[in-house]
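> Build the 3D model from these lines:
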Amino acid sequence: MSAGPLIHPKADVCSKNIGTGTRIWQFAVVLENATIGADCNINCHTFIENDVKLGDHITVKSGVYLWDGITVEDHVFIGPNATFTNDKTPRSKSYPASFNRILIRRFASIGANATIIGPCEIGEYAMIGAGSVVTRSVPPYALVAGNPAQIIGFVEVGGEKMTKTAEGYLSADGRLFRIP
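Alright, predicted model coming up:
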């Protein structure tokens, strides 16, 4: 691990709140009040606004813009071109008193080109399928897909889909989960 963050010379990073070992690649923009934890990987062509808090060990792939009001807990993956919205009624040069909040809990994964519409919470270990449009909160361990995104199953910690049984959901190693 390095003594500080590694920031590509072609990145525009104004924040001093960046953890040890984090890598920020070319053409990324990070505003002054953003907070980024340790050992994150912020890919090229990303934008992180002021009121954004990222935990540790997060991957943000290319083409992702994180707007004010987004909090991301540890070990989250955000796939390429995932889109986040913080204002359900946007108008040019008209700003709400506060922006809708989006909270992404630890170990969640957001697939490529997914759209997350705030306010909402993505539960821990949840998986958002590529191209899905999330219009409401997603419970922990849920696997969602579609437009609007619907629960199509539940995943275990490693991301494998569990099998639905009459008693609950069965993991690959035989553990039974009773998920409401």
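> Give me the below-cutoff pLDDT ranges for this protein.
1-2, 180 (pLDDT under 70).
> Kindly recompute the last result at 80.
For the chain, applying pLDDT under 80 flags the ranges 1-3, 179-180.
> centroid residue for it?
The structure's the chain has its C-alpha centroid closest to residue 78; by C-alpha atoms, centre = their mean the separation is 4.7 Å.
> which residues sit in contact with that residue?
58, 59, 60, 61, 64, 72, 104, 110 (C-beta atoms under 8 Å, 6 or more residues apart in numbering). Backbone N, C-alpha and C define where each C-beta goes, glycine included.
> now with 10 Å?
By C-beta atoms under 10 Å, 6 or more residues apart in numbering, the contact set of residue 78 is 42-43, 46, 54, 58-61, 64, 66, 70, 72, 84, 104, 108-112, 114, 116, 128.
> For the buried ones among these, write the corresponding ChimeraX selection.
Buried residues among the contacts of residue 78 (16 or more other C-beta atoms under 10 Å), as a ChimeraX selection:
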select :42,43,46,54,58,60,61,64,66,70,72,84,104,108,109,110,111,112,114,116,128
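> Which residues does residue 133 form beta bridges with?
Taking DSSP bridges as the rule, residue 133 bridges to residue 115.
> ignore the last one, residue 109
Beta bridges link residue 109 to residue 77, residue 127, judged by DSSP bridges.
> repeat for residue 154
residue 142.
> What is the burial count for it?
Neighbourhood size, residue 154 [other C-beta atoms under 10 Å]: 22.
> That one is in contact with residue 165, isn't it?
No: under the criterion of C-beta atoms under 10 Å, residue 154 is not in contact with residue 165, lying 11.7 Å apart.
> Touching both of those two, which residues are there?
Contact criterion C-beta under 10 Å, 6+ apart; residues shared by residue 154 and residue 165: residue 177.
> circling back to that earlier point, what's the spacing between the residue nearest to the centre of the chain and residue 29?
Counting by C-beta to C-beta, to the nearest Å, the gap between residue 78 and residue 29 amounts to 16 Å.
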